[in-house]
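Trainee: Fold the following and give me the result.
(one chain, ligands or ions: 2)
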Amino acid sequence: MSLTVWKNLRLAPTANPSEMIADACLVVENDRIAWLGAAADLPSKYQQPDKTHDLGGRIVTPGLVDCHTHLVYGSNRAREFAMRLAGASYTEIAQQGGGIVSTVNATRTLSEDQLYEQALRRLDALMAEGVTAIEIKSGYGLDLETEAKALRVARRLAQARPVTISTTFLGAHALPHEYAGRADDYIDLVCQTMMPKLAAEGLIDAVDVFCEHIAFNLEQSERVFQAAHALGLPVKMHAEQMSNMGGSVLASSYRALSTDHLEYLDEAGIKAMKAAGTVAVLLPGAYYFLRETQLPPVDLLRKHGVPIAISTDSNPGTSPCTSLLLMLNMGSTLFRLSVPEVLAGVTQHAAKALGHPNVTGQLAVNHKADFVAWDIEDLSELVYWMGLPRCAVVVRHGAISIDNRKPE
Ligand code: DI6
Ligand code: FE
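Mentor: Ligands and ions are numbered 1, 2, ... in the order given. Okay, here's the model as predicted:
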């Protein structure tokens, strides 16, 4: 057993500015939090720890949680982006072999090591800003072999870096060209072959589906959910991104962890999500990059008390983003979320969206000791700056994973 006391911190256990504890201590026993509170109240049994760290009065928050990413994919779509800027339509680009198909081709072609190297760079960028837990979806393979390759890469990333990675199987992301006109047959493959095999290999923590006119309909989405539930896997959904398909109501009936995007979500969907305890994951990067103008129904989500999470949606087509802090800025500027709301969105609510609200995402006794000490004067700076590095120290499972402090 090892006991560490972190002292001289301004502690925001839930990342909420109104709950800040001045001159706080955090006691870590091995990888978990044993005690936290005002330094003056530190129990005597913790006064002779194995180790003490002084954080110099820095603000400390929970480690950040990025609950929706497509981090593992081949190549990028920068040339396509340039074509769009020059006036080409999405359809024209797709006809020239661009769009999601080009990412699927690149992902199928690259070796596992190459995919790993590309994803690792993006992971490192996210972690450098204080991300200690992240979700990674498959969905750019769309065949058994490549979906397995992508999920193995996600598991390898978790071995290589001090970060908690939750994997999500998104086989139902798009229809691969070899199944053109046969979407139901592809869903059979997803449900009857891919999902059980990948689950048996321990590669799946949750199952996602893209429910949209350009992807899969409600009936197909429900088949994916039924297959997931038969395997005991929790579900989530890319829902109401471009139109209201009623996906959130369906997902809630399967007690989805989250529904994500949600620009076209209506009150019926919100009520269903509230009843099911489903988190609303908002993705300002995709909203911005697609120049979407329909805002997610933030006021209605507030009115019904649905927890809101914020995430990067890091992906090559609609959100080539590796900064969760930038998403805080965009979540507040574009979606009019408050500072406490966006901060809850990348901590407690994001952890709930991953299905482990009692493990990480807030600093509480028995939770994992995942936290960040920041070089800021006020918590609102985490939302305000656009790109300034502010991360001083990151601790994950009780151990320092990043230390940017200047030597004294
Ligand atoms: N919604 C999106 O915005 C991305 N996937 C999804 O389900 C788009 C993915 C891509 O274009 O590569
Ligand atoms: Fe996504």
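Trainee: show me what contacts residue 78?
Mentor: Contact partners of residue 78, counting by C-beta atoms under 8 Å, 6 or more residues apart in numbering, are residue 320. In short, each C-beta sits where N, CA and C put it, glycine included.
Trainee: how close does the most centrally placed residue in the chain get to residue 240?
Mentor: In the chain, the C-alpha nearest the mean C-alpha coordinate belongs to residue 67, at 1.8 Å (C-alpha atoms, centre = their mean). Distance of residue 67 to residue 240, computed by C-beta to C-beta, to the nearest Å: 17 Å.
Trainee: same deal with residue 108?
Mentor: In this structure, residue 108 lies at 30 Å from residue 240, with C-beta to C-beta as the measure.
Trainee: Just want the residue of the protein that's nearest ligand 1.
Mentor: residue 317 (2.0 Å; C-beta to the nearest ligand atom).
Trainee: Near ligand 1, which residues of the chain are found?
Mentor: In this structure, the chain approaches ligand 1 at residues 100, 103, 173, 210, 238, 241, 286, 315, 316, 317, 318, judged by C-beta under 6 Å from any ligand atom.
Trainee: and with 8 Å instead?
Mentor: By the criterion of C-beta under 8 Å from any ligand atom, the positions of the chain lying close to ligand 1 are 70, 73, 77, 99-100, 103, 139-140, 170, 173-174, 210, 212, 215, 238, 241, 261, 283, 286, 290, 313, 315-319.
Trainee: Just to be sure, which of the residues you listed are found in helices?
Mentor: Judged by DSSP state H, helices contain the following of the residues of the chain next to ligand 1: 100, 103, 286.
Trainee: In contact with the residue of the chain closest to ligand 1, which residues?
Mentor: Counted by C-beta under 8 Å, 6+ apart, residue 317 has contacts 77, 99, 100, 103.
Trainee: Could you report the separation of it from residue 107?
Mentor: From residue 317 to residue 107 the distance is 12 Å (C-beta to C-beta).
Trainee: And the helices in the stretch 301-408 of the chain?
Mentor: Listed in chain order, the helices of the stretch 301-408 of the chain (DSSP state H, counting those that start in this stretch) span 324-335, 339-345, 348-353, 381-384.
Trainee: who does the shortest one touch, helix- and strand-wise?
Mentor: Applying 3 or more C-beta pairs under 8 Å, 6 or more residues apart in numbering; DSSP states H and E, we find helix 381-384 packed against helix 324-335, helix 339-345.
Trainee: Deepest in the core, which of those is it.
Mentor: Sort the helices and strands packed on helix 381-384 by mean neighbour count, taking mean count of other C-beta atoms under 10 Å, and helix 339-345 sits at the top with a mean of 24.
Trainee: Off-centre distance for that helix?
Mentor: Averaging C-alpha positions (C-alpha atoms, centre = their mean, to the nearest Å) puts helix 339-345 14 Å from its chain's average.
Trainee: Could you export it as PDB, CA atoms only?
Mentor: Written as PDB, here are the backbone C-alpha positions of helix 339-345 (Å, rounded to 0.1, in the frame of the first residue of the first chain):
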ATOM      1  CA  VAL A 339     -18.900  27.500 -17.900                       C
ATOM      2  CA  PRO A 340     -20.200  25.000 -15.300                       C
ATOM      3  CA  GLU A 341     -22.200  23.200 -18.000                       C
ATOM      4  CA  VAL A 342     -19.300  22.600 -20.400                       C
ATOM      5  CA  LEU A 343     -17.000  21.600 -17.500                       C
ATOM      6  CA  ALA A 344     -19.500  19.000 -16.300                       C
ATOM      7  CA  GLY A 345     -19.800  18.000 -19.900                       C
END
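Trainee: what's in contact with that helix?
Mentor: Residues lying outside helix 339-345 but in contact with it, judged by C-beta under 8 Å, 6+ apart, are 14-18, 61, 282, 307-310, 327-328, 331-332, 337, 379-380, 382-383.
Trainee: Likewise for stretch 37-56?
Mentor: Counting by C-beta under 8 Å, 6+ apart, the neighbours of stretch 37-56 from elsewhere in the structure are 2-9, 21-25, 27, 34-35, 373, 392-393, 405.
Trainee: at 6 Å what do you get?
Mentor: Outside stretch 37-56, the residues within contact range by C-beta atoms under 6 Å, 6 or more residues apart in numbering are 2-9, 21, 23-25, 27, 373.
Trainee: Residue 396 - how many residues pack around it?
Mentor: The tally of other residues near residue 396 (other C-beta atoms under 10 Å) stands at 25.
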